[in-house]
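Asks: please find the sequence and the predicted model below.
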Amino acid sequence: MIRISLQGSVMARPHLSHFGIFVRDIDLIERFYTGVFGLLATDRGVGKTFRNQLVFLTGDPRQHHQLVLSGGRAPDSPSTVMQLSFTVESLDELRAIRDKALVAGATSLIGLNHGNAWSIYFDDPEGNKVEVYLDTPFHVPQPCGEPLNLELGDEALLAETRALVETLPGFMPRDKYVAELARTLD
């Protein structure tokens, strides 16, 4: 946790650690997230405070859960999730997740080149929007979203992205942006 002193007071800035979503068919959605993302169910049961069926999922041994699935979403209710975002380490992993998600029932898949990230977006089987992305070595102010062609080789995609971002106001190398943001947050 980062602490910032503001006029003699201390403000805590907590780190986002996990999120939960209401689902209609908890078994279907558990299979989707364990199958596509390799998450592991660490616990399950009916909550004592929140009286819903719960499934806790993680992909990180340091975190008991990163995603909580909660039963109780009404059958006809639309998703209120703007997006659930996951990161990957390589373009090959991004392509693999795209392929696994489609096989597992994802719909409405699109790819966007944000300049600072290569992203795919799709709806899970209950219509929750999911983003999977990989940071690029660049920063550009957002929003920025050009079509992403994952059929390009890694070097070709990097060159295409560099050509895109170098023309945009506010472009800088990612490491410079991160250093500037760190100074601002201190």
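Replies: Sure thing, it's come through.
Asks: roughly how far apart are residue 73 and residue 181?
Replies: In this view, residue 73 and residue 181 are 36 Å apart by C-beta to C-beta, to the nearest Å. Every C-beta, even on glycine, is put in place using the N, C-alpha and C of the backbone.
Asks: so where is the chain shaky, pLDDT-wise?
Replies: 1-8, 11 (pLDDT under 70).
Asks: domains of it?
Replies: 1-77, 79-186 (automatic domain parsing).
Asks: okay, those in a markdown table with mean neighbour count next?
Replies: Output for those, formatted as a markdown table (neighbours: other C-beta atoms under 10 Å):
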| stretch | mean neighbour count |
| --- | --- |
| domain 1-77 | 14 |
| domain 79-186 | 15 |
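Asks: is it true that residue 35 lies in a helix?
Replies: Yes - under DSSP: H, G, I helix; E, B strand; the rest coil, residue 35 sits within a helix.
Asks: so it makes contact with residue 101?
Replies: No - counting by C-beta atoms under 8 Å, residue 35 stays clear of residue 101, with 9.2 Å between them.
Asks: so which strand or helix has the spatially most central residue of the chain?
Replies: Geometric centre of the chain, nearest residue: residue 85, 1.2 Å, by C-alpha atoms, centre = their mean. Per DSSP states H and E, residue 85 falls inside strand 84-87.
Asks: tell me what that strand is packed against?
Replies: strand 129-135 (3 or more C-beta pairs under 8 Å, 6 or more residues apart in numbering; DSSP states H and E).
Asks: next SSE after the strand it packs on?
Replies: According to DSSP H and E, the helix or strand after strand 129-135 is strand 138-139.
Asks: can you list contacts of that following strand?
Replies: Strand 138-139 is contacted from outside by 115-116, 161-162, 165, 170-174, 176-178, using C-beta atoms under 8 Å, 6 or more residues apart in numbering.
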